[in-house]
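**Q** model the structure of this input:
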Amino acid sequence: MKLFSAIAEHFVFINKFIRFPQQVGSIAPSSSFLARKMFPPKPGGPALKIAELGAGTGAITKYILKTMPESSELFLFEKDDSLRESLQLKYEAQASYYAEARNMIDAVRDGRKFDYILSGLPFANFPQSLRNEIIDQAYETLKPGGLFIAFQYSLQMKKLLESHFVIERIDFVPLNIPPAFVYVCRKGEGGAG
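**A** From the prediction side, this is the model:
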């Protein structure tokens, strides 16, 4: 059953990539190797507020839910209606669901900003104005000292990320299709990057 589910997930992803290449950045879901680089195995803090941008089929979501501290809140952003509905069926009340990453501000109306924002969005496929809008919102909704962690298939986003955050490191994950770079960025304690 697990194998069938994984194969079905790959077919869904390939179909979405063929139909919407500007929205889906890869032909395959993220690997478990990439998921482990995207979220710390034992993140600090009693209860965290976490956002995942571009949750897709939930490959990284599954790892977050397995490792996040109890009482943490997870907010999933997925533009594709059918993928978002699939996530809701799979994870039900374990997360809150949003359609647009550009609406991150709606998830922090309670005044509590995100501790982590994880992104699988294909920024290379977006117009510069949309990249700027999403990164600006990520900066605004992340608490000082919080982490913005994004995977990309090139180093194209480095300059934009450096203008908002301190890049602590860039990891390379060869065991992913395609291989990926993981940017681990921190918002400065005083709010500046």
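
**Q** show me what the host helix or strand of residue 171 is packed against.
**A** Assigned by DSSP states H and E, residue 171 falls within strand 166-173. Counting contacts by 3 or more Cβ pairs under 8 Å, 6 or more residues apart in numbering; DSSP states H and E, strand 166-173 packs against helix 32-38, helix 158-162, strand 180-186. Using the backbone N, CA and C atoms, a C-beta is placed for each residue, glycine as well.

**Q** give me the contacts around the shortest one.
**A** Think helix 158-162. Contacts of helix 158-162 from elsewhere in the structure, counted by Cβ atoms under 8 Å, 6 or more residues apart in numbering, are 131, 132, 135, 148, 150, 167, 170, 183, 185, 193.

**Q** which among those count as buried?
**A** The neighbour-count test (16 or more other Cβ atoms under 10 Å) applied to the contacts of helix 158-162 identifies 131, 135, 148, 150, 167, 183, 185, 193 as buried.

**Q** let's have those residues in TSV, adding distance to residue 159.
**A** TSV is the format used below for the buried ones among the contacts of helix 158-162 (distance: Cβ to Cβ, whole Å):
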residue	distance to residue 159
131	11
135	11
148	15
150	14
167	10
183	12
185	12
193	12
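
**Q** and which of those residues is nearest to residue 83?
**A** Residue 83 lies nearest to residue 150 out of these, by Cβ to Cβ, at 18.6 Å.

**Q** direction included, what does the strand holding residue 171 pair up with?
**A** Partners of strand 166-173 in the sheet, by DSSP bridges, are strand 180-186 (antiparallel).

**Q** output the partner strand as PDB, restricted to C-alpha atoms.
**A** What follows is strand 180-186, C-alpha atoms only, in PDB (Å, rounded to 0.1, in the frame of the first residue of the first chain):
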ATOM      1  CA  ALA A 180      18.900  20.800  -4.700                       C
ATOM      2  CA  PHE A 181      20.500  23.600  -2.800                       C
ATOM      3  CA  VAL A 182      19.000  24.400   0.700                       C
ATOM      4  CA  TYR A 183      19.400  28.000   1.900                       C
ATOM      5  CA  VAL A 184      19.300  28.300   5.700                       C
ATOM      6  CA  CYS A 185      18.700  31.900   6.400                       C
ATOM      7  CA  ARG A 186      18.100  33.700   9.700                       C
END
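
**Q** what does it contact?
**A** The contact list for strand 180-186 (Cβ under 8 Å, 6+ apart) reads 30, 34, 37-38, 145-155, 157-158, 161, 164-173, 193.

**Q** what is the distance between that strand and the centre of its chain?
**A** 11 Å (Cα atoms, centre = their mean, to the nearest Å).

**Q** do stretch 93-105 as well
**A** Centroid separation for stretch 93-105 versus its chain: 11 Å, with Cα atoms, centre = their mean.

**Q** contacts for that stretch?
**A** Residues from elsewhere that reach stretch 93-105, judged by Cβ under 8 Å, 6+ apart: 51, 53-54, 61, 65, 73-79, 81, 84, 87-88, 106-107, 114, 117, 119, 121, 130, 133-134, 137-138, 140-141.
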